[in-house]
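Engineer: Build me a model:
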Amino acid sequence: MEYSDRWLEDMMNRWEQSLLRTCFVYLGDRALAEDAVQDAFFGVARQIALFREMPEQKKRAYVLTAAKNAAINIYNDEKKHRPHPLDFDEVKEDYWMDETMNTQISKETCQTVLAVIAE
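Structural biologist: Numbers count the residues shown, from 1 in each chain. This next block holds a predicted model:
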């Protein structure tokens, strides 16, 4: 069978929003969720012959599993490349100077901001 762009486009239109919501739950970031969904659809395109032979119900499960796995892979990659948290116990100063704003930032404020960012 010949690969059809229209067929893949129809499938994407049908399932994209559902897959985006699922991936967003894992990643908490819309752009990363979009990447995961795109990875899932690329996976389907690579396995198009196998995918076309599946019953409709299995196709949805296949794509959902592919999207979930892509989201988990992206999450793990992001986690690996995230910088290590600062160890504030090793810092002697009570304030840091933010030269771009010409202001001092307390150690506690930095800890609070970094904790919120890490969540």
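Engineer: what ranges do the helices span in the protein?
Structural biologist: Taking DSSP state H, the helices of the chain run over residues 5-27, 30-46, 48-53, 56-81, 107-118.
Engineer: out of the ones you listed, deepest packed?
Structural biologist: Highest mean neighbour count among the helices of the chain (mean count of other CB atoms under 10 Å): helix 30-46, with a mean of 17. (Glycine included, C-beta is placed from N, CA and C.)
Engineer: Run through the neighbouring helices and strands of it.
Structural biologist: helix 5-27, helix 56-81 (3 or more CB pairs under 8 Å, 6 or more residues apart in numbering; DSSP states H and E).
Engineer: Which residues does stretch 12-19 contact?
Structural biologist: Stretch 12-19 is contacted by residues Ala36, Val37, Ala40, Phe41, Arg60, Val63, Leu64, Ala67 when judged by CB atoms under 8 Å, 6 or more residues apart in numbering.
Engineer: Thought Ala66 was touching the third one, still the case?
Structural biologist: Yes - with contact defined as CB atoms under 8 Å, Ala40 reaches Ala66; the gap is 4.0 Å.
Engineer: Save the contacts of stretch 12-19 as CSV, and put in distance to Arg6 too.
Structural biologist: Shown next, in CSV, are the contacts of stretch 12-19 (distance: CB to CB, whole Å):
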residue, distance to Arg6
Ala36, 24
Val37, 19
Ala40, 19
Phe41, 14
Arg60, 19
Val63, 17
Leu64, 22
Ala67, 21
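Engineer: Give me the lowest-pLDDT entry from the residues you listed.
Structural biologist: In terms of pLDDT, Arg60 ranks lowest among the contacts of stretch 12-19, with 84.
Engineer: Identify the residues contacting that residue.
Structural biologist: Trp15.
Engineer: mind checking how far it is from Thr112?
Structural biologist: Look at Arg60 and Thr112: by CB to CB, to the nearest Å, they are 43 Å apart.
Engineer: What of Glu34?
Structural biologist: 30 Å.
Engineer: Need the nearest residue in space to Glu34, chain neighbours excluded.
Structural biologist: Leu20 (6.7 Å; CB to CB, 6 or more residues apart in numbering).
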